[in-house]
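Q: no FASTA, just this:
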């Protein structure tokens, strides 16, 4: 369970304060996969950062039960002079999971071949994304924060990513950000809509999609 209690977030700009979240009180139920829907620039990434603990709210608080992941696929935490395997072991030790088990999972999943044992600075952007997703999804969190995760790689890798994610969702919850309403329907059972700083939870994902599309002035998949 993740609960936002009177949560607010705003930033100073040259034109005054920009309000991203305005006094939101919303509960994300335990074990639920929730789609986060909002127009571009509305504050989806900021909200995900607050839930993940990397961004502090202006007011209010976030209470959670169980473990919450960093944004799945986040690529900014790898040491570029360490190999993919070394980075994986480092993360495993930080989160207290079996080191070799995680290394085995990531090596198989990311499909990096011998590059898995090469420095991350030699990786392409796509290779880093594969490594990041493998490390993220390889740790059994209670809630996963997911930002466009199934957009990584070719069609086969996207399919594999989606299947692994769905397998994780049998025992965990998630907060999912994606521009694709088809992906929201496949991955989520409920939704929360962010519009003009207001956050509204819908137990039925189709209701959330309908509200979002009404806000956007479109009934088409984004």
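A: Cool, got the structure. What you are looking at is a predicted structure, and each value in this text was computed from that prediction instead of being measured.

Q: for the most centrally placed residue in the chain, give the beta-bridge partners.
A: The centre of the chain sits closest to residue 146, judged by CA atoms, centre = their mean, with a distance of 2.0 Å. With beta bridges defined as DSSP bridges, residue 146 has these partners: residue 72, residue 176.

Q: test my guess that it contacts residue 175.
A: Yes: under the criterion of CB atoms under 8 Å, residue 146 makes contact with residue 175 at 6.9 Å. All C-beta spots, glycine's among them, are computed from the backbone N, C-alpha and C.

Q: which stretches in this structure count as helices?
A: Ranges of helices within the chain are 44-52, 84-95, 99-110, 125-138, 155-168, 181-187, 205-216, based on DSSP state H.

Q: mean neighbour count, these: which tops it?
A: helix 125-138 (a mean of 22; mean count of other CB atoms under 10 Å).

Q: let me see the mean pLDDT of that one.
A: Confidence for helix 125-138, expressed as mean pLDDT, is 90.

Q: what helices and strands are in contact with it?
A: Applying 3 or more CB pairs under 8 Å, 6 or more residues apart in numbering; DSSP states H and E, we find helix 125-138 packed against strand 68-72, helix 84-95, helix 99-110, helix 155-168.

Q: and the angle from the longest one to strand 68-72?
A: Interaxial angle of helix 155-168 relative to strand 68-72 (axes from the mean of the first three to the mean of the last three CA atoms, to 10 degrees): 170 degrees.

Q: before I go, just wanted to say thanks for your time.
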